[in-house]
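Novice: Here is my input; please provide its structure:
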Amino acid sequence: MSMQKLVISTTNAPKAVGPYSQAVLSESLLFLSGQIPLDPGTGQMVQGDIRMQTRRVLENVSAVLEASSSSFSQVVKTTVFLTDMGDFSEMNSVYAEYFQKDFPARSTVQVAALPLGARVEIEVIARKTEGQWL
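Specialist: Okay, the predicted model is just below:
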């Protein structure tokens, strides 16, 4: 039986702030919507430097991956959006704490603005491993 689409949601990551899902599982791929540095407990933007914001974003990504019975080791592609490419080095040092080997493909782009004034947003695609999913 072929799975068409399964919506993934967890209270351990920020609620969607629009008409989208935290993640969608389709066939063999898990697509995570972009995460910004919102604290899932308060719904408020994490204040602080790019390192603090990147860490919160990746913790949000981790929560959605976990809710999908996945992990960073299953991520095949990330896209990082920065409002200032001058933040790249510091963002990258935090990113490297979460992705330590067999790195996913990645694009990093500078954008004019991100939702709610965030400085960083990261979206993720992970692969499905047989017997691993919900």
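Novice: Which pLDDT value goes with the closest residue in space to Val7 that isn't next to it in sequence?
Specialist: Leaving aside its sequence neighbours, Val7 sits nearest to Ser21 (C-beta to C-beta, 6 or more residues apart in numbering; 4.6 Å). Where C-beta positions appear, they are placed from N, C-alpha and C, glycine not excepted. If you check Ser21, the pLDDT there is 97.
Novice: cool, and Val17?
Specialist: On the pLDDT scale, Val17 is placed at 77.
Novice: Likewise for Gln47?
Specialist: Looking at Gln47, its pLDDT is 89.
Novice: how close does the closest residue in space to Leu116 that isn't next to it in sequence get to Pro37?
Specialist: Spatially, and ignoring its direct neighbours in sequence, Leu116 is nearest to Met45 (5.4 Å; C-beta to C-beta, 6+ apart). Per C-beta to C-beta, to the nearest Å, Met45 is found 6 Å from Pro37.
Novice: ditto for Arg127
Specialist: 26 Å.
Novice: Tell me what the closest residue to Ser107 other than its chain neighbours is bridged to.
Specialist: Excluding its sequence neighbours, the residue lying closest to Ser107 (C-beta to C-beta, 6+ apart) is Thr79, at 4.9 Å. Beta bridges link Thr79 to Ser107, Glu123 when assigned by DSSP bridges.
Novice: what's near enough to touch Phe31?
Specialist: Ala23, Val24, Leu25, Val124, Ile125 (C-beta atoms under 8 Å, 6 or more residues apart in numbering).
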